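Visitor: Prediction below, plus the sequence it came from.
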Amino acid sequence: MCLAVPGKVEEIYEGTDLIKMAKVNFGGVKKDVCVAWIPDLQVGDYVLVHVGFALNKIDEKEAMETLRILKEMGELNELDQSNESEQ
Amino acid sequence: MKYLSEFRNPEAAQNLALKIKEVTKRNWTIMEVCGGQTHSILKYNIDELLPDKIRLIHGPGCPVCVTSLEMIDKAIEIASQPDVIFTSFGDMLRVPGSKLDLLSVKANGGDVRMVYSPLDAVKIAQSNPDKKVVFFAVGFETTAPANGMSVLRAKELGLKNYSILCSHVLVPPAIEALMSGFNSSINGFLAAGHVCTVMGYEEYLPLAEKYKIPIVVTGFEPIDILQGILKCVTLLEEGKNIVENQYSRVVRKEGNLAAKEVIKKVFEITDRKWRGIGLIPKSGLKLKDEFSDFDAEKIFDIKNLQVDEPEVCIAGEVLQGLKLPIECPAFGKECTPENPLGAPMVSSEGACAAYFHYKKVKIN
Ligand code: SF4
(Lines give C-alpha, C1' and ligand atoms only; values in the text may rest on other atoms or scores of the structure.)
Protein backbone atom coordinates (compact mmCIF):
# COMPACT_ATOMS: atom_id res chain seq x y z
CA MET A 1 0.00 0.00 0.00
CA CYS A 2 2.88 2.36 0.62
CA LEU A 3 4.23 2.00 -2.89
CA ALA A 4 4.13 5.01 -5.14
CA VAL A 5 4.61 5.17 -8.90
CA PRO A 6 6.32 7.74 -11.09
CA GLY A 7 4.35 9.58 -13.75
CA LYS A 8 4.73 12.60 -16.03
CA VAL A 9 2.68 15.75 -15.48
CA GLU A 10 0.82 16.63 -18.70
CA GLU A 11 -1.55 19.32 -17.53
CA ILE A 12 -2.04 21.27 -14.32
CA TYR A 13 -5.49 22.60 -13.51
CA GLU A 14 -7.11 24.32 -10.55
CA GLY A 15 -9.36 21.93 -8.67
CA THR A 16 -11.16 23.22 -5.58
CA ASP A 17 -9.75 25.77 -3.11
CA LEU A 18 -8.02 23.02 -1.27
CA ILE A 19 -6.98 20.79 -4.07
CA LYS A 20 -4.78 21.66 -7.04
CA MET A 21 -4.97 18.89 -9.63
CA ALA A 22 -2.97 17.57 -12.55
CA LYS A 23 -3.31 15.02 -15.31
CA VAL A 24 -0.48 12.55 -14.89
CA ASN A 25 0.61 10.00 -17.46
CA PHE A 26 1.83 6.64 -16.13
CA GLY A 27 3.32 5.02 -19.21
CA GLY A 28 0.15 5.56 -21.23
CA VAL A 29 -2.46 5.40 -18.47
CA LYS A 30 -3.64 8.89 -17.51
CA LYS A 31 -5.05 9.77 -14.13
CA ASP A 32 -6.19 12.86 -12.24
CA VAL A 33 -3.84 13.43 -9.35
CA CYS A 34 -3.88 15.95 -6.51
CA VAL A 35 -0.68 17.99 -6.63
CA ALA A 36 -1.49 20.40 -3.79
CA TRP A 37 1.74 19.58 -1.94
CA ILE A 38 4.10 20.51 -4.76
CA PRO A 39 3.93 24.29 -5.16
CA ASP A 40 6.52 24.70 -7.91
CA LEU A 41 5.22 21.97 -10.18
CA GLN A 42 5.41 22.40 -13.94
CA VAL A 43 4.09 20.52 -16.94
CA GLY A 44 6.73 18.00 -18.00
CA ASP A 45 7.91 17.30 -14.45
CA TYR A 46 7.93 13.73 -13.12
CA VAL A 47 6.18 13.07 -9.85
CA LEU A 48 5.86 10.14 -7.48
CA VAL A 49 2.17 9.38 -6.97
CA HIS A 50 0.52 7.50 -4.13
CA VAL A 51 -3.26 6.95 -3.67
CA GLY A 52 -4.10 9.84 -5.98
CA PHE A 53 -1.65 12.34 -4.47
CA ALA A 54 1.73 13.43 -5.80
CA LEU A 55 4.19 13.06 -2.91
CA ASN A 56 7.15 14.82 -4.50
CA LYS A 57 8.87 15.67 -7.74
CA ILE A 58 11.47 13.25 -8.99
CA ASP A 59 14.59 15.34 -8.99
CA GLU A 60 16.36 14.81 -12.29
CA LYS A 61 19.68 16.15 -11.01
CA GLU A 62 19.66 13.80 -8.02
CA ALA A 63 18.65 10.82 -10.16
CA MET A 64 21.48 11.56 -12.60
CA GLU A 65 23.88 11.98 -9.70
CA THR A 66 23.03 8.50 -8.35
CA LEU A 67 23.48 7.06 -11.82
CA ARG A 68 26.73 8.97 -12.29
CA ILE A 69 28.17 7.46 -9.10
CA LEU A 70 27.21 4.01 -10.33
CA LYS A 71 28.76 4.75 -13.70
CA GLU A 72 31.93 5.99 -12.10
CA MET A 73 32.16 2.69 -10.28
CA GLY A 74 32.07 1.12 -13.75
CA GLU A 75 28.71 -0.37 -13.03
CA LEU A 76 26.38 1.22 -15.47
CA ASN A 77 28.01 1.14 -18.85
CA GLU A 78 24.77 1.46 -20.72
CA LEU A 79 23.76 4.63 -18.94
CA ASP A 80 24.17 6.98 -21.88
CA GLN A 81 22.37 4.67 -24.20
CA SER A 82 19.41 4.04 -21.88
CA ASN A 83 19.19 7.75 -21.17
CA GLU A 84 18.78 8.54 -24.80
CA SER A 85 15.96 6.07 -25.16
CA GLU A 86 14.16 7.75 -22.26
CA GLN A 87 14.12 11.19 -23.81
CA MET B 1 9.20 5.66 -17.73
CA LYS B 2 11.85 8.00 -16.52
CA TYR B 3 14.39 6.52 -14.09
CA LEU B 4 12.87 3.08 -13.97
CA SER B 5 14.90 1.14 -16.49
CA GLU B 6 18.22 2.45 -15.16
CA PHE B 7 17.32 1.35 -11.67
CA ARG B 8 16.45 -2.15 -12.89
CA ASN B 9 19.61 -2.72 -14.91
CA PRO B 10 20.64 -6.37 -14.26
CA GLU B 11 24.31 -5.82 -15.06
CA ALA B 12 24.52 -2.96 -12.61
CA ALA B 13 22.80 -5.14 -10.03
CA GLN B 14 25.41 -7.89 -10.48
CA ASN B 15 28.21 -5.38 -10.14
CA LEU B 16 26.73 -3.84 -7.04
CA ALA B 17 26.39 -7.32 -5.56
CA LEU B 18 30.09 -7.90 -6.22
CA LYS B 19 30.92 -4.61 -4.54
CA ILE B 20 28.86 -5.63 -1.51
CA LYS B 21 30.82 -8.91 -1.35
CA GLU B 22 34.07 -6.97 -1.44
CA VAL B 23 33.06 -4.66 1.38
CA THR B 24 31.54 -7.28 3.69
CA LYS B 25 33.99 -8.61 6.25
CA ARG B 26 31.79 -9.59 9.18
CA ASN B 27 28.29 -11.00 9.72
CA TRP B 28 25.52 -8.42 9.58
CA THR B 29 21.75 -8.55 9.99
CA ILE B 30 19.92 -5.80 8.15
CA MET B 31 16.20 -5.20 8.36
CA GLU B 32 14.22 -3.64 5.56
CA VAL B 33 11.30 -1.98 7.26
CA CYS B 34 8.94 -1.69 4.34
CA GLY B 35 6.81 -4.46 2.84
CA GLY B 36 7.27 -2.95 -0.61
CA GLN B 37 11.00 -3.51 -0.28
CA THR B 38 10.46 -7.08 0.97
CA HIS B 39 8.41 -7.64 -2.16
CA SER B 40 11.17 -6.29 -4.45
CA ILE B 41 13.89 -8.23 -2.63
CA LEU B 42 12.10 -11.53 -3.22
CA LYS B 43 10.84 -10.66 -6.69
CA TYR B 44 14.31 -9.78 -7.99
CA ASN B 45 16.09 -12.45 -5.91
CA ILE B 46 18.22 -9.80 -4.26
CA ASP B 47 18.71 -11.95 -1.15
CA GLU B 48 20.40 -14.56 -3.33
CA LEU B 49 22.86 -12.06 -4.78
CA LEU B 50 24.19 -11.21 -1.32
CA PRO B 51 27.11 -12.86 0.47
CA ASP B 52 26.20 -15.40 3.18
CA LYS B 53 27.48 -13.03 5.82
CA ILE B 54 24.56 -10.68 5.21
CA ARG B 55 21.20 -11.68 6.54
CA LEU B 56 18.19 -9.65 5.44
CA ILE B 57 15.20 -9.77 7.73
CA HIS B 58 11.81 -8.42 6.94
CA GLY B 59 10.21 -5.80 9.13
CA PRO B 60 6.67 -4.89 10.12
CA GLY B 61 6.23 -2.34 7.33
CA CYS B 62 3.02 -3.53 5.75
CA PRO B 63 0.03 -1.55 7.00
CA VAL B 64 -2.36 -4.21 5.76
CA CYS B 65 -0.55 -6.78 7.91
CA VAL B 66 -0.24 -4.76 11.08
CA THR B 67 -3.79 -3.38 11.28
CA SER B 68 -5.13 -4.92 14.48
CA LEU B 69 -7.72 -7.66 14.38
CA GLU B 70 -10.05 -5.47 16.49
CA MET B 71 -9.87 -2.75 13.86
CA ILE B 72 -10.66 -5.21 11.05
CA ASP B 73 -13.60 -6.52 13.09
CA LYS B 74 -14.79 -2.94 13.67
CA ALA B 75 -14.59 -2.31 9.91
CA ILE B 76 -16.61 -5.47 9.27
CA GLU B 77 -19.20 -4.49 11.87
CA ILE B 78 -19.63 -1.00 10.37
CA ALA B 79 -19.67 -2.29 6.79
CA SER B 80 -22.45 -4.73 7.72
CA GLN B 81 -24.85 -1.94 8.67
CA PRO B 82 -27.63 -1.32 6.13
CA ASP B 83 -27.25 2.44 5.63
CA VAL B 84 -23.47 2.36 5.16
CA ILE B 85 -21.24 2.47 2.09
CA PHE B 86 -17.89 1.17 3.31
CA THR B 87 -14.89 2.19 1.21
CA SER B 88 -11.33 0.93 1.37
CA PHE B 89 -8.13 0.42 -0.58
CA GLY B 90 -8.40 -2.95 -2.33
CA ASP B 91 -5.81 -4.79 -0.28
CA MET B 92 -7.76 -4.41 2.98
CA LEU B 93 -10.83 -6.23 1.63
CA ARG B 94 -9.45 -9.74 1.99
CA VAL B 95 -7.75 -9.38 5.35
CA PRO B 96 -9.32 -11.94 7.65
CA GLY B 97 -11.06 -10.59 10.73
CA SER B 98 -11.83 -13.01 13.54
CA LYS B 99 -14.79 -14.45 11.61
CA LEU B 100 -15.24 -12.73 8.26
CA ASP B 101 -13.47 -10.40 5.87
CA LEU B 102 -14.85 -7.31 4.12
CA LEU B 103 -15.32 -9.17 0.84
CA SER B 104 -17.67 -11.63 2.50
CA VAL B 105 -19.65 -8.70 3.89
CA LYS B 106 -19.96 -7.55 0.27
CA ALA B 107 -20.96 -11.05 -0.85
CA ASN B 108 -23.67 -11.01 1.82
CA GLY B 109 -25.15 -7.83 0.35
CA GLY B 110 -23.15 -5.14 2.17
CA ASP B 111 -22.17 -2.07 0.16
CA VAL B 112 -18.39 -2.39 0.28
CA ARG B 113 -16.45 -0.53 -2.41
CA MET B 114 -12.81 -0.43 -3.36
CA VAL B 115 -11.40 3.02 -4.02
CA TYR B 116 -8.12 4.12 -5.56
CA SER B 117 -7.89 7.36 -3.57
CA PRO B 118 -9.55 8.62 -0.37
CA LEU B 119 -10.83 11.54 -2.48
CA ASP B 120 -12.94 9.00 -4.40
CA ALA B 121 -14.58 8.05 -1.10
CA VAL B 122 -15.44 11.72 -0.55
CA LYS B 123 -17.01 11.84 -4.03
CA ILE B 124 -19.12 8.79 -3.17
CA ALA B 125 -20.31 10.60 -0.03
CA GLN B 126 -21.19 13.67 -2.12
CA SER B 127 -23.34 11.67 -4.49
CA ASN B 128 -25.00 9.51 -1.81
CA PRO B 129 -26.32 12.01 0.76
CA ASP B 130 -28.76 9.45 2.23
CA LYS B 131 -25.95 6.99 3.09
CA LYS B 132 -23.15 7.11 5.62
CA VAL B 133 -19.88 6.73 3.76
CA VAL B 134 -16.97 5.38 5.77
CA PHE B 135 -13.37 5.15 4.54
CA PHE B 136 -10.95 2.69 6.13
CA ALA B 137 -7.95 4.97 6.78
CA VAL B 138 -4.99 2.66 7.20
CA GLY B 139 -1.37 3.13 6.25
CA PHE B 140 1.93 4.56 7.38
CA GLU B 141 3.06 8.17 7.11
CA THR B 142 2.96 7.85 3.30
CA THR B 143 -0.83 7.55 3.26
CA ALA B 144 -1.77 9.66 6.28
CA PRO B 145 -1.67 13.06 4.52
CA ALA B 146 -3.89 11.79 1.68
CA ASN B 147 -6.39 10.38 4.14
CA GLY B 148 -6.19 13.61 6.15
CA MET B 149 -6.92 15.60 3.00
CA SER B 150 -10.12 13.60 2.51
CA VAL B 151 -11.31 14.84 5.91
CA LEU B 152 -10.36 18.44 5.10
CA ARG B 153 -12.13 18.14 1.76
CA ALA B 154 -15.28 16.66 3.36
CA LYS B 155 -15.26 19.51 5.85
CA GLU B 156 -14.79 22.07 3.09
CA LEU B 157 -17.80 20.57 1.28
CA GLY B 158 -19.85 20.57 4.48
CA LEU B 159 -20.48 16.82 4.21
CA LYS B 160 -22.25 15.29 7.20
CA ASN B 161 -22.15 11.72 5.90
CA TYR B 162 -18.40 11.10 5.55
CA SER B 163 -16.16 9.58 8.18
CA ILE B 164 -12.93 7.63 8.42
CA LEU B 165 -12.11 4.58 10.50
CA CYS B 166 -8.64 5.69 11.44
CA SER B 167 -5.90 3.12 12.03
CA HIS B 168 -2.72 4.88 11.01
CA VAL B 169 0.65 3.60 12.19
CA LEU B 170 4.07 5.27 12.43
CA VAL B 171 7.46 3.84 11.53
CA PRO B 172 9.95 5.34 14.04
CA PRO B 173 8.14 4.02 17.17
CA ALA B 174 8.12 0.57 15.55
CA ILE B 175 11.89 0.73 15.01
CA GLU B 176 12.23 1.85 18.62
CA ALA B 177 10.08 -1.07 19.81
CA LEU B 178 12.11 -3.56 17.77
CA MET B 179 15.44 -2.20 19.00
CA SER B 180 14.50 -1.89 22.64
CA GLY B 181 12.79 -5.29 22.68
CA PHE B 182 14.29 -8.72 22.77
CA ASN B 183 15.14 -8.67 19.08
CA SER B 184 18.31 -6.67 19.15
CA SER B 185 20.12 -8.80 16.60
CA ILE B 186 19.41 -6.09 14.02
CA ASN B 187 22.60 -4.24 13.03
CA GLY B 188 21.19 -1.76 10.54
CA PHE B 189 18.02 -0.63 8.83
CA LEU B 190 16.92 0.20 5.33
CA ALA B 191 14.33 2.91 5.96
CA ALA B 192 11.26 3.04 3.74
CA GLY B 193 11.74 5.52 0.91
CA HIS B 194 8.12 6.52 0.45
CA VAL B 195 7.49 7.11 4.15
CA CYS B 196 10.57 9.37 4.12
CA THR B 197 9.32 11.14 0.97
CA VAL B 198 6.61 12.55 3.21
CA MET B 199 8.39 12.71 6.58
CA GLY B 200 12.00 13.27 5.63
CA TYR B 201 14.58 11.54 7.80
CA GLU B 202 15.29 13.88 10.69
CA GLU B 203 13.32 11.58 13.01
CA TYR B 204 15.82 8.80 12.36
CA LEU B 205 18.89 10.73 13.51
CA PRO B 206 18.25 10.23 17.27
CA LEU B 207 17.34 6.56 16.66
CA ALA B 208 20.63 5.88 14.87
CA GLU B 209 22.51 7.49 17.71
CA LYS B 210 20.59 5.91 20.58
CA TYR B 211 20.70 2.35 19.25
CA LYS B 212 24.07 2.65 17.49
CA ILE B 213 22.69 1.57 14.14
CA PRO B 214 23.18 2.94 10.64
CA ILE B 215 19.91 3.72 8.86
CA VAL B 216 19.84 4.13 5.09
CA VAL B 217 16.79 5.70 3.44
CA THR B 218 16.26 3.40 0.47
CA GLY B 219 14.12 3.23 -2.66
CA PHE B 220 12.31 0.26 -4.14
CA GLU B 221 13.97 -0.68 -7.41
CA PRO B 222 16.59 -3.47 -7.37
CA ILE B 223 19.47 -1.01 -7.83
CA ASP B 224 18.09 1.18 -5.03
CA ILE B 225 17.94 -1.73 -2.63
CA LEU B 226 21.40 -3.04 -3.52
CA GLN B 227 22.82 0.45 -3.20
CA GLY B 228 21.03 0.85 0.15
CA ILE B 229 22.55 -2.42 1.35
CA LEU B 230 26.01 -1.39 0.10
CA LYS B 231 25.77 1.92 1.96
CA CYS B 232 24.50 0.17 5.10
CA VAL B 233 27.24 -2.51 5.09
CA THR B 234 29.92 0.12 4.40
CA LEU B 235 28.70 2.14 7.40
CA LEU B 236 28.60 -1.01 9.54
CA GLU B 237 32.14 -2.03 8.57
CA GLU B 238 33.36 1.50 9.30
CA GLY B 239 31.48 1.58 12.63
CA LYS B 240 29.48 4.66 11.65
CA ASN B 241 26.02 4.97 13.16
CA ILE B 242 24.56 7.63 10.94
CA VAL B 243 21.64 8.16 8.59
CA GLU B 244 22.25 8.22 4.84
CA ASN B 245 19.90 8.89 1.98
CA GLN B 246 20.12 6.54 -1.01
CA TYR B 247 16.77 7.74 -2.42
CA SER B 248 17.79 11.35 -2.93
CA ARG B 249 15.95 11.65 -6.24
CA VAL B 250 12.73 11.84 -4.23
CA VAL B 251 13.53 12.18 -0.52
CA ARG B 252 14.68 15.45 1.07
CA LYS B 253 15.88 15.64 4.64
CA GLU B 254 12.85 17.64 5.77
CA GLY B 255 10.36 15.61 3.70
CA ASN B 256 7.35 17.25 2.08
CA LEU B 257 6.44 20.13 4.36
CA ALA B 258 2.95 20.68 2.91
CA ALA B 259 2.03 17.01 3.36
CA LYS B 260 3.45 17.01 6.89
CA GLU B 261 1.36 20.09 7.62
CA VAL B 262 -1.83 18.16 6.72
CA ILE B 263 -0.88 15.41 9.17
CA LYS B 264 -0.28 17.99 11.89
CA LYS B 265 -3.56 19.73 11.21
CA VAL B 266 -5.80 16.67 11.19
CA PHE B 267 -4.19 14.01 13.38
CA GLU B 268 -2.58 13.58 16.78
CA ILE B 269 -0.35 10.85 18.12
CA THR B 270 -1.92 7.93 19.97
CA ASP B 271 -0.93 4.49 21.27
CA ARG B 272 -1.70 1.83 18.70
CA LYS B 273 -2.06 -1.91 18.80
CA TRP B 274 -0.21 -3.68 15.97
CA ARG B 275 -1.48 -6.99 14.74
CA GLY B 276 0.78 -9.79 15.85
CA ILE B 277 3.01 -7.45 17.86
CA GLY B 278 0.78 -5.80 20.44
CA LEU B 279 0.57 -2.27 21.78
CA ILE B 280 3.36 0.11 20.79
CA PRO B 281 3.19 3.41 22.68
CA LYS B 282 2.73 6.54 20.58
CA SER B 283 2.89 4.55 17.36
CA GLY B 284 -0.34 5.65 15.72
CA LEU B 285 -2.33 8.62 14.53
CA LYS B 286 -5.93 9.41 15.43
CA LEU B 287 -8.20 12.27 14.39
CA LYS B 288 -8.00 15.39 16.54
CA ASP B 289 -11.08 16.18 18.62
CA GLU B 290 -12.03 19.07 16.35
CA PHE B 291 -12.58 16.51 13.58
CA SER B 292 -14.59 14.07 15.72
CA ASP B 293 -17.62 14.52 13.41
CA PHE B 294 -15.54 12.62 10.86
CA ASP B 295 -14.43 9.87 13.23
CA ALA B 296 -16.23 6.60 12.45
CA GLU B 297 -15.31 5.17 15.85
CA LYS B 298 -17.25 7.99 17.50
CA ILE B 299 -20.18 7.87 15.06
CA PHE B 300 -20.67 4.11 15.22
CA ASP B 301 -20.76 2.81 18.73
CA ILE B 302 -18.89 -0.47 18.51
CA LYS B 303 -17.67 -2.01 21.69
CA ASN B 304 -16.99 -5.38 23.25
CA LEU B 305 -15.67 -7.07 20.17
CA GLN B 306 -14.38 -10.55 20.90
CA VAL B 307 -11.32 -11.23 18.79
CA ASP B 308 -9.19 -14.34 18.45
CA GLU B 309 -6.19 -14.82 16.17
CA PRO B 310 -5.93 -18.27 14.54
CA GLU B 311 -3.59 -20.25 16.80
CA VAL B 312 -1.37 -21.64 14.08
CA CYS B 313 -0.43 -18.22 12.63
CA ILE B 314 3.00 -16.92 13.68
CA ALA B 315 2.48 -13.52 12.03
CA GLY B 316 3.75 -11.72 15.14
CA GLU B 317 7.13 -13.38 14.91
CA VAL B 318 7.26 -12.94 11.13
CA LEU B 319 6.48 -9.22 11.45
CA GLN B 320 9.25 -8.74 13.98
CA GLY B 321 11.80 -10.51 11.82
CA LEU B 322 12.15 -13.35 14.33
CA LYS B 323 10.97 -16.07 11.96
CA LEU B 324 10.72 -16.49 8.22
CA PRO B 325 7.32 -17.23 6.69
CA ILE B 326 8.54 -20.66 5.58
CA GLU B 327 9.04 -21.58 9.23
CA CYS B 328 5.28 -21.32 9.79
CA PRO B 329 3.64 -24.77 9.84
CA ALA B 330 0.64 -23.45 7.89
CA PHE B 331 2.68 -21.75 5.14
CA GLY B 332 1.53 -22.87 1.69
CA LYS B 333 -0.71 -25.53 3.20
CA GLU B 334 -3.69 -24.25 5.18
CA CYS B 335 -2.49 -20.72 4.48
CA THR B 336 -2.19 -19.47 0.89
CA PRO B 337 -2.94 -16.13 -0.83
CA GLU B 338 -6.30 -17.58 -1.96
CA ASN B 339 -7.11 -18.70 1.56
CA PRO B 340 -5.04 -16.59 3.94
CA LEU B 341 -5.05 -17.35 7.65
CA GLY B 342 -3.06 -14.32 8.65
CA ALA B 343 -2.56 -10.82 7.30
CA PRO B 344 1.03 -11.24 5.95
CA MET B 345 -0.38 -13.71 3.41
CA VAL B 346 -3.07 -11.30 2.18
CA SER B 347 -1.39 -8.20 0.96
CA SER B 348 1.08 -8.55 -1.90
CA GLU B 349 3.50 -6.58 0.28
CA GLY B 350 3.13 -9.06 3.15
CA ALA B 351 6.21 -11.19 3.81
CA CYS B 352 4.28 -14.50 3.65
CA ALA B 353 2.70 -13.64 0.29
CA ALA B 354 6.05 -12.47 -1.11
CA TYR B 355 7.64 -15.81 -0.11
CA PHE B 356 4.68 -17.69 -1.55
CA HIS B 357 4.89 -15.92 -4.91
CA TYR B 358 8.61 -15.74 -5.43
CA LYS B 359 10.32 -18.49 -3.47
CA LYS B 360 10.24 -21.95 -4.91
CA VAL B 361 9.87 -23.57 -1.51
CA LYS B 362 9.22 -27.27 -1.24
CA ILE B 363 6.17 -27.88 0.90
CA ASN B 364 5.99 -31.33 2.46
S1 SF4 C 1 1.97 -18.36 6.54
FE2 SF4 C 1 -0.13 -17.73 7.06
S3 SF4 C 1 -0.50 -18.63 9.05
FE4 SF4 C 1 1.73 -18.63 8.72
S5 SF4 C 1 2.49 -16.69 9.60
FE6 SF4 C 1 2.09 -16.29 7.44
S7 SF4 C 1 -0.01 -15.52 7.44
FE8 SF4 C 1 0.23 -16.53 9.43
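Guide: Happy to help now that I have it. Keep in mind it's a predicted model, so treat the numbers as computed, not measured.
Visitor: quick one: pLDDT of residue 28?
Guide: You didn't pick a chain, so chain A it is. The model reports A:Gly28 with a pLDDT of 88.
Visitor: ah, no, chain B please
Guide: Predicted confidence (pLDDT) for B:Trp28: 97.
Visitor: residues in contact with the longest helix along chain A?
Guide: Scanning chain A for the longest helix, with DSSP state H as the assignment, gives helix A:60-72. The contact list for helix A:60-72 (Cβ atoms under 8 Å, 6 or more residues apart in numbering or on different chains) reads A:46, A:76-77, A:79, B:2-3, B:6, B:12, B:16, B:223, B:227, B:246, B:248-250. The C-beta positions use only the backbone N, C-alpha and C, and glycine is treated the same way.
Visitor: Give me the subset of those residues that also touch the ligand.
Guide: Residues of the contacts of helix A:60-72 in contact with the ligand (Cβ under 6 Å from any ligand atom): none.
Visitor: The nearest residue to B:Glu297 once chain neighbours are set aside - how many residues pack around it?
Guide: The shortest distance from B:Glu297 to any residue other than its chain neighbours is 6.6 Å, reached at B:Leu165 (Cβ to Cβ, 6 or more residues apart in numbering or on different chains). B:Leu165: 22 surrounding residues under other Cβ atoms under 10 Å in any protein chain shown.
Visitor: ok so B:Leu165 is a strand residue?
Guide: Yes: assessed by DSSP: H, G, I helix; E, B strand; the rest coil, B:Leu165 belongs to a strand.
Visitor: which SSE is the residue of the stretch 51-200 of chain B found nearest the ligand in?
Guide: Relative to the ligand, the nearest point of the stretch 51-200 of chain B is B:Cys65 (8.3 Å; Cβ to the nearest ligand atom). For B:Cys65, the host element (DSSP states H and E) is helix B:63-66.
Visitor: where's that helix relative to the chain centroid, distance-wise?
Guide: 6 Å (Cα atoms, centre = their mean, to the nearest Å).
Visitor: Also stretch B:105-118?
Guide: On Cα atoms, centre = their mean, the centre of stretch B:105-118 falls 21 Å from the chain's centre.
Visitor: what's the longest strand in chain A?
Guide: Using DSSP state E to define each element, chain A has its longest strand at strand A:5-14.
Visitor: contact partners of that strand?
Guide: With Cβ under 8 Å, 6+ apart, strand A:5-14 has contacts from A:20-27, A:30-31, A:33, A:35, A:41-50, A:54, A:58, B:1-4.
Visitor: change it to 6 Å
Guide: A:21-26, A:43, A:45-46, A:48-49, A:58, B:1 (Cβ atoms under 6 Å, 6 or more residues apart in numbering or on different chains).
Visitor: swap in stretch B:278-288?
Guide: B:144, B:166, B:168-170, B:173, B:177, B:267-274, B:295.
Visitor: Just the buried ones from those residues?
Guide: Buried members of these, counted by 16 or more other Cβ atoms under 10 Å in any protein chain shown: B:144, B:166, B:168-170, B:173, B:177, B:267, B:272-274, B:295.
Visitor: related to what we said a few turns ago, neighbouring strands for the longest strand of chain A, and are they parallel or not?
Guide: Sheet partners assigned to strand A:5-14 using DSSP bridges are listed as strand A:20-26 (antiparallel), strand A:46-50 (antiparallel).
Visitor: What are the buried residues along that strand?
Guide: Here strand A:5-14 shows A:5-9, A:12 as buried, counting by 16+ other Cβ under 10 Å.
Visitor: ok, A:Val43 - contacts?
Guide: So A:Val43 contacts A:Val9 (Cβ under 6 Å, 6+ apart).
Visitor: what's the helix or strand for the residue of chain B positioned farthest from its centre?
Guide: The centre of chain B is farthest from one residue, B:Asp130, which by Cα atoms, centre = their mean lies 33.7 Å away. Using DSSP H and E, B:Asp130 falls within no helix or strand.
Visitor: what phi and what psi does the backbone show at it?
Guide: Main-chain dihedrals, B:Asp130, degrees, to the nearest 10: phi -90, psi 0.
Visitor: any idea how far B:Met114 is from it?
Guide: 22 Å (Cβ to Cβ, to the nearest Å).
Visitor: One more: B:Ser292?
Guide: 27 Å.
Visitor: Taking chain A, what residue is nearest to chain B?
Guide: A:Gly52 (2.7 Å; Cβ to the nearest Cβ).
Visitor: and B:Leu178, that one's in a strand?
Guide: No: read with three-state DSSP, B:Leu178 is helix and lies in no strand.
Visitor: Can you select the buried ones among the contacts of strand A:5-14 for me in ChimeraX?
Guide: Selecting only the buried entries of these in ChimeraX, with 16+ other Cβ under 10 Å as the criterion:
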select /A:21,22,23,24,45,46,48,49,58
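Visitor: Looking at the contacts of strand A:5-14, spot the one nearest B:Gly200.
Guide: A:Leu48 (14.5 Å; Cβ to Cβ).
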